[in-house]
Structures are given as C-alpha cells and as structure tokens.
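Undergrad: What follows is a predicted structure for the sequence shown.
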Amino acid sequence: MKLAASQYAMTLFADFDAFAENLIDHCREAKDAGAELLLLPEYAAMVMTGLLAPDVRADLHASIAELQQFLPRWLELSEEIARNLDIVFCPGSAPVKDSDGHYRNRAWLFGPDGMIGHQDKIMMTRFEKEQWGISSGQGLKAFDTPIGRLGMLICYDNEFPMLARRLAERDADLILAPSCTDTEAGYYRVRIGAQARALENQIAVLVSPTAGSAPWSPAVDENFGKSALYVPSDYGMPPSGVIGESESVFTEASRWSFFDIDLDAVRLLRREGQVFTRRDWPDQFGKH
C-alpha cells in the first residue's frame with residue numbers, strides 16, 4: 001500500500017474557505033498519487049489561528065481559546081475529505097478544551113465511513129506544560145481501519161518506549177507519529193525515538209511534521225522536520241530501517257512524501273526475522 005505523510009506548512013489564509021480549499025487540494029494530490037492513508041502533523045489545526053485578528057493570534061493563550069470556534073468545521077471538513085476520497089485520514093492534532101476546562105492535544109482518525117476515533121497526547125513537553133497549559137491525555141488506543149490496525153503517538157510520545165510497547169501489545173501494525181518541532185534538535189529527538197520504536201517493536205512508524213515559518217504565531221512560529229517511514233532493519237526491509245525521508249528539514253511549502261509498504265512483510269518479521277525484539281522484550285527485565 002502507499003502511505004502519504006505531509007510536511008505541512010503553517011500558511012496564512014484569508015478566510016476559512018481559502019483554508020478548506022487548500023486542504024482539500026492538498027489531500028486530493030496525495031489521493032491522485034495513489035495514497036490510501038494520509039497523515040498531517042501535530043498542531044496542524046494551529047494554521048487556523050492565522051484567521052484570527054493579528055492581536056489575538058499573537059497571544060499564546062488567546063489564540064488557542066479562539067481556535068475552538070473553528071474546530072467543529074475543521075473536523076466536519078476532515079470527515080468529508082476521508083469519505084469523498086475513500087481514504088484513511090489523520091488531519092493532525094489540535095489543542096481542545098475539554099468539559100473539565102483543561103486543554104488536551106488531540107489527534108483524530110477518519111475513514112471512508114466517517115470518524116474512527118481520536119487519541120490524546122500522553123507526554124507533555126516543557127512548552128506545553130509550563131507555558132501553554134496543555135494537559136496530558138489518558139490511555140492509548142489501537143484503531144481498526146481498512147488498511148490495518150493503527151496506533152498514534154504524538155510527537156514527544158515517541159521518545160518514551162513503554163507507550164509504543166503498549167500499542168504493540170494491542171497488535172498495532174503501524175504507528176502514526178504527527179509531530180511539531182521548532183528546532184533541528186527537536187526533530188532529531190523525534191526521529192531517533194520513532195526509529196527506535198520501530199526497531200524495538202518490529203512495527204512501522206510514519207512521521208509527519210509541521211513546516212515553514214509563521215512569525216504571526218507564538219506557538220508554531222518555526223518548524224523543522226522530515227516526513228518519514230521507519231521499519232525494523234531486517235529481511236526484506238532497508239538495512240538502515242528507513243523506507244524513506246523527505247529531502248530537507250525545512251520547507252515553506254506543504255509537500256507530501258509517499259512510501260510503499262507491505263504490512264504483511266513487517267508482520268512476518270515477528271515470526272521469521274533475524275531477531276525477535278518484540279518477543280524478547282520481557283527478557284531484559286530482572287536479568288541484571
């Protein structure tokens with residue numbers, strides 16, 4: 001199957017209709033290339049704060065408060081895209097104000113039949129916790145989709161081995177890793193974490209980052225990262241464990257990267273690979 005991960009640019013739009021037209025065109029481009037699953041990054045929804053008045057979008061807390069008005073239309077649009085294009089679609093994440101008054105970083109998953117579910121980010125970065133006031137989510141989910149069982153680890157979550165291990169125990173075949181990093185060092189932390197999770201769990205990990213510069217936003221003003229697909233280094237896979245990566249860590253325009261993968265071949269490694277890291281995981285405990 002063909003997977004598509006976007007380097008998604010934080011672009012200013014004149015109004016919601018212009019934003020929606022751009023998102024539809026972007027997704028149609030991936031569908032026309034043959035992609036069955038499309039992934040957008042963490043905080044992709046923050047591009048809509050550009051629709052707010054300059055003084056509001058320049059205020060960190062005011063911007064996420066006022067973003068809430070756009071989220072129902074964005075989710076409706078995302079569901080329409082998935083239905084109309086007959087794809088599995090993660091439109092990225094947004095800071096969502098829950099009924100308890102706390103904001104959580106939430107990513108959604110849609111399929112040809114509508115919404116499949118959502119996943120909250122578990123581990124908060126210092127910026128989210130100390131400056132932005134975003135709270136941790138609870139619980140990890142595995143989603144059954146037309147292309148297989150998927151899990152989601154949002155950005156920083158990929159740097160914590162036990163989270164991916166829980167998804168492996170729930171028989172996920174592919175982890176979606178939407179990310180948003182404002183330095184090259186942040187990008188490499190996520191990259192190293194995502195590739196390590198693929199190795200440890202004999203699983204595939206697909207990464208999509210925010211891209212470009214948005215000086216009008218205190219939250220997503222600078223964005224570095226590569227879209228990529230990582231797999232175990234084993235039979236039938238690239239020795240590097242890298243199916244592919246986008247060319248540059250920085251771009252001012254949204255760009256798709258496309259990756260072909262056979263998830264059955266990844267599953268086979270768990271039974272007939274050179275090593276059994278997934279099976280042997282428990283053996284590392286209590287043997288020191």
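TA: Yes, it's here.
Undergrad: phi, psi of H118?
TA: With angles defined as degrees, to the nearest 10, H118 sits at phi -140, psi 160.
Undergrad: W108 is in contact with that one, correct?
TA: Yes - between H118 and W108 there is a contact at 4.6 Å, judged by CB atoms under 8 Å. Yep, even glycine has a C-beta here, placed from its N, CA and C like the rest.
Undergrad: out of those two, which sits in the busier spot?
TA: W108 (24 against 19; other CB atoms under 10 Å).
Undergrad: Confirm that that one sits in a strand.
TA: Yes - counting by DSSP: H, G, I helix; E, B strand; the rest coil, W108 falls inside a strand.
Undergrad: list the contacts for it?
TA: 75, 78, 90-91, 93, 115, 117-118 (CB atoms under 8 Å, 6 or more residues apart in numbering).
Undergrad: Quick one: name whatever helix or strand follows whichever strand or helix holds L3.
TA: Taking DSSP states H and E as the definition, L3 sits inside strand 2-9. Using DSSP H and E, the helix or strand that follows strand 2-9 in sequence is helix 16-32.
Undergrad: Just checking: what are the partner strands of the following helix or strand past that following helix?
TA: Scanning forward in sequence from helix 16-32 by DSSP H and E, the next helix or strand is strand 37-39. If you go by DSSP bridges, strand 37-39 pairs up with strand 2-9 (parallel), strand 88-90 (parallel).
Undergrad: helices and strands around the following helix or strand past strand 37-39, which ones?
TA: Once strand 37-39 ends, the next helix or strand along the chain (criterion: DSSP H and E) is helix 54-57. Judged by 3 or more CB pairs under 8 Å, 6 or more residues apart in numbering; DSSP states H and E, the packing partners of helix 54-57 are helix 60-67.
Undergrad: any idea how far S63 is from A214?
TA: Distance check for A214 against S63: by CB to CB, to the nearest Å, it reads 11 Å.
Undergrad: still on that earlier bit, what sits up against the strand holding L3?
TA: Applying CB under 8 Å, 6+ apart, the contact partners of strand 2-9 are 26, 30, 33-41, 44, 47, 92, 206-212, 223, 225-229, 246, 251-261.
Undergrad: do that again at 7 Å, thanks
TA: With CB atoms under 7 Å, 6 or more residues apart in numbering as the test, strand 2-9 has contacts from 26, 30, 34-41, 44, 206-212, 227, 229, 246, 251-261.
Undergrad: How about stretch 160-176?
TA: By CB under 7 Å, 6+ apart, the residues outside stretch 160-176 that reach it are 39, 90, 122-123, 140, 142, 148-153, 157, 197, 200-201, 203-206, 263, 266-267, 278, 281.
Undergrad: Among these, name the buried ones.
TA: 39, 90, 122-123, 140, 142, 148, 150-153, 157, 197, 200-201, 203-206, 263, 266-267, 278, 281 (16 or more other CB atoms under 10 Å).
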